[in-house]
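Colleague: This is a predicted model, with the sequence first.
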2 protein chains.
Amino acid sequence: MDNFDRRPADPVGDPASIGRMPTVKRDTYTPDSLLSVAVRVFNERGYDGTSMEHLSQAAGISKSSIYHHVRGKEELLRRGISRALDGLFAVLEEPRAREGRAVERLEHVTRRTVEVLMSELPYVTLLLRVRGNTETEIWAMARRREFDQRVAELVKQAAADGDLRSDVDARLATRLLFGMINSIAEWYRPDRAPLNGASGGNSAASTGSATSAQVAEAVIRTAFAGLRTH
Amino acid sequence: MDNFDRRPADPVGDPASIGRMPTVKRDTYTPDSLLSVAVRVFNERGYDGTSMEHLSQAAGISKSSIYHHVRGKEELLRRGISRALDGLFAVLEEPRAREGRAVERLEHVTRRTVEVLMSELPYVTLLLRVRGNTETEIWAMARRREFDQRVAELVKQAAADGDLRSDVDARLATRLLFGMINSIAEWYRPDRAPLNGASGGNSAASTGSATSAQVAEAVIRTAFAGLRTH
DNA sequence: TTGCACCGACCGATCGTTCGGTAGCAGTAT
DNA sequence: ATACTGCTACCGAACGATCGGTCGGTGCAA
């Protein structure tokens, strides 16, 4: 028995492996499964506060072994952020985000953004905390601003349609909306029990998916009640 | 001419010095004036991403000179966070936060919290970004949770009074409220022109103070319209 | 026999911090 | 006036530790 099995808890990020077929991933790390470990540690300690030694301990392999899978620390950051951005931008391409009344497109984008944030929680969390120290981080901030502006256009259009209150500036409203949405990353933990008690009444949902939709619904209800015209 | 005057731009954080009286601060750093520089850099680069070399360059004094004023990097963090917490907790002690109907106490605390966040922006921003790596940061997170819980009690009481909508859990509502409030730290910059165009109609306010109150008002209006019963 | 996943040892650079020292100034005895 | 003293605010050099990353392997399965 050699130095295996001291790997802690998270050998493969998304273990879709069923049997022992050659096409499925083996019991070693892939760039993606290593990424899921790295992103978790990044979120716990902050990117700058995470050393390669921290990552190696969390992954259960040596520091130098990490470089067998990825080019370096910053590539892990870039991959993680990319995954978040891909999920978010995909929302804007959905049919219901492109057709119909602006306020309803906005509501759809809001709901789906919340859902993506929750399903890709670690990756979006990583994106939201970027500060802009490296080139990768500057790129991430630019892409995120781009996403925000796409949504801001929806808000502006909805306000022009008279569907959103006009006594709050569209840009400010967008920022407050995202403030509410993004704050989910600060407290939502998919393992814990659902936080809002009275949503539909019944629905003893303990699955992460159902809880996700419930929280999303509560967020939309609260945010849009504040933004919509009455 | 010796090695002075290459100090960049920010010799004293809050220059209340008027003449040349002996009691007012001199043209050298005090722990507080150095703190204002350090906190600014912390917020630009993140605490872990800021080296003492960065601080020394921003302050215009040598790295070793910093240790003449403070014990070290972590003391700067602690002082900055303390200032933010002092401002926030002081709000809870104000008369209007302690007397009257819960929903009105909540509204007062919300408005004053926004105002403190904006007037002490760099310090509160620093507090909001703490991750929990060091003992100081763990303490900061605990104190912040304490503040949140005090407000959460107000929300719960207001909901029990029937003044807040009951279809959203009190804890969730508190978190969404703070999500909106705290997001201000992400985009508000006191030097820039006000963001919300139509608040009172007139009031050509370019002073930071007036703008602050305006933004605070917009935030309260949006947040409470979403939370209040109709 | 080849190649993949991994390792320990080590690299120069940078980290937060410490140390001995110095220029300039106020106060004071000469 | 001058010289001495003590103090404040600062400095360059250097400390051990740790940083992200490189290198030459090694064991094992195919």
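Modeller: Right, received. Where do you want to start? Residues are numbered from 1 along each chain as shown, chains lettered A, B, ... in the order given.

Colleague: Touching, residue A:161 and residue A:104? I think so.
Modeller: No. Using Cβ atoms under 8 Å, residue A:161 makes no contact with residue A:104, being 10.1 Å away. To be clear about C-beta, it is placed using only N, CA and C from the backbone, and glycine gets the same treatment.

Colleague: any low-confidence regions in chain A?
Modeller: Under the criterion pLDDT under 70, the flagged ranges of chain A are A:1-26, A:193-210, A:230.

Colleague: can you rerun that using 80?
Modeller: A:1-26, A:191-212, A:226-230 (pLDDT under 80).

Colleague: Mind checking if the helix or strand harbouring residue A:185 is in reach of chain B?
Modeller: Using DSSP states H and E, residue A:185 sits within helix A:184-187. Yes. Using Cβ under 8 Å from any Cβ of the partner chain, we find that helix A:184-187 touches chain B at A:184, A:186, A:187.

Colleague: tell me what that helix is packed against?
Modeller: Applying 3 or more Cβ pairs under 8 Å, 6 or more residues apart in numbering or on different chains; DSSP states H and E, we find helix A:184-187 packed against helix A:102-119, helix A:121-128, helix B:170-187.

Colleague: Any chance of a markdown table for the ones you listed, columns distance to DNA strand C and mean neighbour count?
Modeller: Listed next are the helices and strands packed on helix A:184-187 as a markdown table, based on distance: least, Cβ to the nearest atom of the strand, whole Å; neighbours: other Cβ atoms under 10 Å in any protein chain shown:
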| stretch | distance to DNA strand C | mean neighbour count |
| --- | --- | --- |
| helix A:102-119 | 27 | 21 |
| helix A:121-128 | 21 | 24 |
| helix B:170-187 | 23 | 22 |
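
Colleague: for those, which one sits closest to DNA strand D?
Modeller: helix A:121-128 (15.1 Å; Cβ to the nearest atom of the strand).

Colleague: Check whether the closest one comes into contact with chain B.
Modeller: No. Judged by Cβ under 8 Å from any Cβ, helix A:121-128 stays clear of chain B, getting no closer than 9.2 Å.

Colleague: From residue A:148, how far out is residue A:142?
Modeller: For residue A:142, the distance to residue A:148 equals 11 Å [Cβ to Cβ, to the nearest Å].

Colleague: Looking at the two, which one has more neighbours?
Modeller: Between residue A:142 and residue A:148, counting by other Cβ atoms under 10 Å in any protein chain shown, residue A:148 is the more crowded of the two (17 against 10).

Colleague: ok, and the closest non-adjacent residue to residue A:38?
Modeller: Excluding its sequence neighbours, the residue lying closest to residue A:38 (Cβ to Cβ, 6 or more residues apart in numbering or on different chains) is residue A:76, at 4.4 Å.

Colleague: wait, what's in contact with the one you found?
Modeller: A:34, A:35, A:38, A:39, A:42, A:55, A:70 (Cβ atoms under 8 Å, 6 or more residues apart in numbering or on different chains).

Colleague: Take those residues and write them to CSV, including neighbour count.
Modeller: As requested, those are exported to CSV (neighbours: other Cβ atoms under 10 Å in any protein chain shown):
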residue, neighbour count
A:34, 25
A:35, 23
A:38, 30
A:39, 25
A:42, 25
A:55, 22
A:70, 18
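
Colleague: Among those, which one sits closest to residue A:132?
Modeller: residue A:42 (15.7 Å; Cβ to Cβ).

Colleague: Hmm, residue A:50 and that closest one touching each other?
Modeller: Yes. Between residue A:42 and residue A:50 there is a contact under Cβ under 8 Å: 5.5 Å.

Colleague: Who are the contact partners of residue A:44?
Modeller: A:50, B:131.

Colleague: so it is in which element?
Modeller: Going by DSSP H and E, residue A:44 is part of helix A:31-45.

Colleague: Whichever helix or strand comes after that helix relative to helix A:31-45, how many degrees between them?
Modeller: Moving toward the C-terminus from helix A:31-45, the first helix or strand encountered (DSSP H and E) is helix A:52-59. Here helix A:52-59 runs at an angle of 110 degrees relative to helix A:31-45 (axes from the mean of the first three to the mean of the last three Cα atoms, to 10 degrees).

Colleague: Is helix A:52-59 in proximity to chain B?
Modeller: No. Judged by Cβ under 8 Å from any Cβ, helix A:52-59 stays clear of chain B, getting no closer than 10.4 Å.

Colleague: which parts of that helix are buried?
Modeller: A:52, A:54, A:55, A:56, A:58, A:59 (16 or more other Cβ atoms under 10 Å in any protein chain shown).

Colleague: center of chain A - which residue?
Modeller: residue A:124 (2.7 Å; Cα atoms, centre = their mean).

Colleague: quick one: contacts for that one?
Modeller: Contacts of residue A:124 by Cβ under 8 Å, 6+ apart are A:84, A:87, A:88, A:116, A:117, A:185.

Colleague: swap the cut-off to 7 Å and go again
Modeller: For residue A:124, the contact set (Cβ atoms under 7 Å, 6 or more residues apart in numbering or on different chains) comprises A:84, A:117, A:185.

Colleague: thought the second one was touching residue A:184?
Modeller: I take that to be residue A:117. Yes. Between residue A:117 and residue A:184 there is a contact under Cβ atoms under 7 Å: 5.8 Å.
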